[in-house]
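>>> Have a look at this fold, sequence not included:
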């Protein structure tokens, strides 16, 4: 059944409007629509709502009668919703610019950028620009997921996690459309995401530096960047958190020096930590604290709000350039060409687990939301540190 809406005043009877096109039927308020040759080309139902005359079209007489009944019932209940003519893609683009999230944490601008990217790359490539928001069905969304799973269409295998991420802005937009009364049913509700067997490459354990590799990288690091690398290795910070540190965040005096994580720089934006658990303090080894004191003393800008690890112009370092020009050559020479900045964080966690650090304390140091998540993520030990065989188990 195809339904459209026109709120312009229709020909409601033989005494008004275009008599050549609308003809009464035996059902009050339902009219035949006639073509130029006098043949029936559709039906129109007419009803009043909020003091205005409304007109809705249908292909068949029975469909027009049903629309009229449902519309008048919804009107009497106060549930009548105006059908929007906006296209699905246009609504997505309008929605993503005004969305503010639903949780207590708010909505990050970096997340908005990612939603824009996913909509541009995937939704715009699949859905027709003529598809109306009200015409979108669960079946069409399911075929969209099939298209994402199809390796020949994508040119590569998208992981189930990637496909789930692609669906997030679409599902959130449709939920908003339902709350705003633009659609009566959310077609994404109950949509099943793919759950395929993971490939070996997707299920690899997190890689960490060996103790020798970590020591080699820190020893070979340029003098300018060595304090930053030592901080990453000894505190398990994300690179975005480390580059956002100000001098005031490094509490280096006293018997228990620590670093206070209060913000991060992500895609050139300064933001609070990823979650409330990311706002934390992490203890510093005495040797690292001494190295950081010397580093800060040599900086030209001694203001407490100055960046602790600035570039030559005093602004934030570019993590991409730093990884490509400094870390990658060092890691390759140390025998870990696969390593990135997050490898320091993984190694920090694994070292603590291997020496029996309290899981709750480690979880807090990493800024995780729960010890269970930390344990799930870091169940492995460093290479060569496998659990020993148990003696005297079998009598």
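Perfect, I can see it now. Being a predicted model, the structure only gives us computed values, none of them experimental. Numbers count the residues shown, from 1 in each chain.
>>> from the middle of its chain, how far away would stretch 329-339 be?
Mean-position distance between stretch 329-339 and its chain equals 31 Å (Cα atoms, centre = their mean, to the nearest Å).
>>> what's next to the helix or strand where residue 140 lies, contact-wise?
Using DSSP states H and E, residue 140 sits in helix 138-149. Helix 138-149 has contacts (Cβ atoms under 8 Å, 6 or more residues apart in numbering) with 122-123, 126-127, 131, 153-154, 158, 163, 166-167, 170, 187-194, 196. Yep, even glycine has a C-beta here, placed from its N, CA and C like the rest.
>>> buried ones in it?
141, 144-145, 148 (16 or more other Cβ atoms under 10 Å).
>>> and if you look at stretch 328-335?
Going by 16+ other Cβ under 10 Å, stretch 328-335 has these buried residues: 328, 330-331, 334.
>>> tell me the contacts of residue 363?
If you count contacts by Cβ under 8 Å, 6+ apart, residue 363 has them with 370-371, 373-374.
>>> got it, and residue 71?
For residue 71, the contact set (Cβ under 8 Å, 6+ apart) comprises 45, 47, 49, 54, 56, 80.
>>> pLDDT of the helix or strand containing it, averaged?
Using DSSP H and E, residue 71 maps to helix 61-77. The pLDDT scores in helix 61-77 average 83.
>>> And stretch 47-57, by the same measure?
Regarding stretch 47-57, the rounded mean pLDDT is 78.
>>> Endpoints of that stretch, how far apart?
12 Å (Cα to Cα, to the nearest Å).
>>> buried stuff in it?
47, 54-57.
>>> do the same with stretch 234-254
For stretch 234-254, by 16+ other Cβ under 10 Å, it's 234-247, 249-250, 252.
>>> again with stretch 170-177
For stretch 170-177, the buried set under the neighbour-count rule, 16+ other Cβ under 10 Å, comprises 170-174, 176-177.
>>> Pick the one among those closest to residue 85.
Of all the buried residues of stretch 170-177, residue 85 sits closest to residue 177, with 13.3 Å by Cβ to Cβ.
>>> From residue 60, how far out is that closest one?
Per Cβ to Cβ, to the nearest Å, residue 177 is found 27 Å from residue 60.
>>> likewise residue 278?
In this view, residue 278 and residue 60 are 58 Å apart by Cβ to Cβ.
>>> Which one's more surrounded, these two?
Taking other Cβ atoms under 10 Å, residue 278 and residue 60 do not tie; residue 278 has more neighbours (18 against 13).
>>> Could you find the closest non-adjacent residue to that one?
Leaving aside its chain neighbours, residue 278 sits nearest to residue 367 (4.0 Å; criterion: Cβ to Cβ, 6 or more residues apart in numbering).
>>> what's the one you found sitting at in phi/psi?
phi 80, psi 20 (degrees, to the nearest 10).
>>> give me the number of residues near it?
Residue 367: 22 surrounding residues under other Cβ under 10 Å.
>>> looking at it, it is touching residue 276, isn't it?
No. Residue 367 lies out of contact with residue 276 (Cβ atoms under 8 Å); the separation is 9.4 Å.
>>> if we can go back for a sec, can you tell me which of the buried residues of stretch 170-177 is nearest residue 38?
The closest of those to residue 38 turns out to be residue 177 (Cβ to Cβ; 40.3 Å).
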